[in-house]
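Visitor: What shape does this take:
(3 chains)
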Amino acid sequence: MPELPEVEAVRRRIEPFALGRTIVAAHVLRQRIARNGSVGQIEQFVTGRSITCVSRRAKNLLLHFDNAALRIHLRMTGDLLPCPNVRFFPIATRLILEFDKHEGILFTDPRALGRVELLDATGLEALDRSLGTEPLSPQFTPALLTSAARRSRLPAKLFLMNQAAIAGIGNIYAAEILFAARIDPARRMNSLSFACLERLHGAIQEILQAATRIAEVTYAAPGHFDEAAGFQLHVYGRVGERCLRCNRRIRRITQGARSTYHCPGCQH
DNA sequence: AGTCACCTGATT
DNA sequence: AATCAGGTGACT
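Guide: Okay, here's the model as predicted:
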């Protein structure tokens, strides 16, 4: 599912269901979702505890307890679902957090790349420090983007995906943001003018806000993303098709071993 | 700074 | 059979 907008949508779906609920049982169905040996620790710790807050930092979901939090990272195909009866769960379920009345939360993940980890206050601080600015927060200003850009020689696409700079942007929205800002994904960050960076700042906010609104009311099945609910993808996945703005054919290039889609006509 | 392994399923 | 996939962390 998951870049920032989808993870935020999951958070909003889970919060009203889970807030204040007490976990009466926890079952890790796939050992490798947790670091070696910590499965038992997770099950034991969360059992009997109440969820005091459901938050998000970058693409991480955090279920908070009194002195600790369960960090859930959905990676490529993970999802978190409110479940009316946890005795019936989908094949790809990796973790069950059970409340009373057999209700609970399911962590499903067909590809099993997602990870779960218990963090104390120190661990939470370390996580926070390891991640850059939230792009939809007030701290994310053109000035902040400019100072980060000055220090980076990365191609723009890789800069956007670097979680230590700006946190929460992934492959699809990085491509869409750069199209909206008309920036060539291969351009080095420190070569962009201030006017260009202001455009980029605006595009980051607009694309992520629009996607978040749509993600909240969508069930984004793998491969469909938010497109079905009206999020217009201008470049992602459209190699060979015509640019909706200038009619040139969309290209696919490789950056950091991932596909980047862009329009050679309007991105410079 | 760049590439690959981690997983599984869908598509070519 | 081979390649691709919304992410990351651990390697050269």
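
Visitor: contacting residues around A:Glu198?
Guide: A:Glu198 is in contact with A:Pro142, counting by CB atoms under 8 Å, 6 or more residues apart in numbering. (Each C-beta comes from the backbone N, C-alpha and C, glycine too.)

Visitor: Which helix or strand contains it?
Guide: helix A:194-216 (DSSP states H and E).

Visitor: moving C-terminal of that helix, what's the next helix or strand?
Guide: strand A:251-255.

Visitor: Excluding covalently adjacent residues, which one is nearest to the residue of chain A found nearest DNA strand B?
Guide: In chain A, the residue that lies nearest DNA strand B is A:Arg111 (3.5 Å; CB to the nearest atom of the strand). Spatial nearest neighbour of A:Arg111, excluding adjacent residues (CB to CB, 6 or more residues apart in numbering): A:Thr77 at 4.2 Å.

Visitor: number of nearby residues for A:Arg35?
Guide: Burial measure for A:Arg35: 13 neighbouring residues, criterion other CB atoms under 10 Å.

Visitor: Would you agree it is in contact with A:Val116?
Guide: No: the pair A:Arg35 / A:Val116 is not scored as a contact, 9.1 Å apart, by CB atoms under 8 Å.

Visitor: Quick check: A:Thr141 touching A:His201?
Guide: Yes: in this structure A:Thr141 lies within contact range of A:His201 using CB under 8 Å: 7.4 Å.

Visitor: Looking at these two, which one has more neighbours?
Guide: When neighbours are counted by other CB under 10 Å, A:Thr141 and A:His201 differ, and A:His201 comes out ahead with 22 against 12.

Visitor: Find me the pLDDT at that one, would you?
Guide: Looking at A:His201, its pLDDT is 98.

Visitor: Just list the residues touching the closest residue to it other than its chain neighbours, thanks.
Guide: Spatial nearest neighbour of A:His201, chain neighbours left out: A:Pro142 (4.5 Å); criterion: CB to CB, 6+ apart. Counting by CB under 8 Å, 6+ apart, A:Pro142 makes contact with A:Phe194, A:Leu197, A:Glu198, A:His201.

Visitor: what's the first-to-last distance across stretch A:40-58?
Guide: Counting by CA to CA, to the nearest Å, you get 27 Å between the two ends of stretch A:40-58.

Visitor: how far away is A:Thr77 from DNA strand C?
Guide: Applying CB to the nearest atom of the strand, to the nearest Å, the value for A:Thr77 to DNA strand C is 7 Å.

Visitor: State the number of residues packed around that residue.
Guide: 16.

Visitor: now A:Ile96, what's its secondary structure?
Guide: Classification of A:Ile96 by DSSP: H, G, I helix; E, B strand; the rest coil places it in strand.

Visitor: Make sure it is actually in contact with A:Leu29.
Guide: Yes: counting by CB under 8 Å, A:Ile96 touches A:Leu29, with 7.0 Å between them.

Visitor: joint contacts of these two?
Guide: With CB under 8 Å, 6+ apart, A:Ile96 and A:Leu29 have no common neighbours.

Visitor: re earlier: from the contacts of A:Pro142, which single one is nearest DNA strand C?
Guide: For the contacts of A:Pro142, the nearest to DNA strand C is A:His201 (19.8 Å; CB to the nearest atom of the strand).

Visitor: residues contacting that closest one?
Guide: Listed by CB under 8 Å, 6+ apart, the contact partners of A:His201 are A:Phe140, A:Thr141, A:Pro142, A:Leu145.

Visitor: so which of these comes closest to DNA strand C?
Guide: Looking across the contacts of A:His201 and measuring by CB to the nearest atom of the strand, the closest to DNA strand C is A:Phe140, at 17.1 Å.
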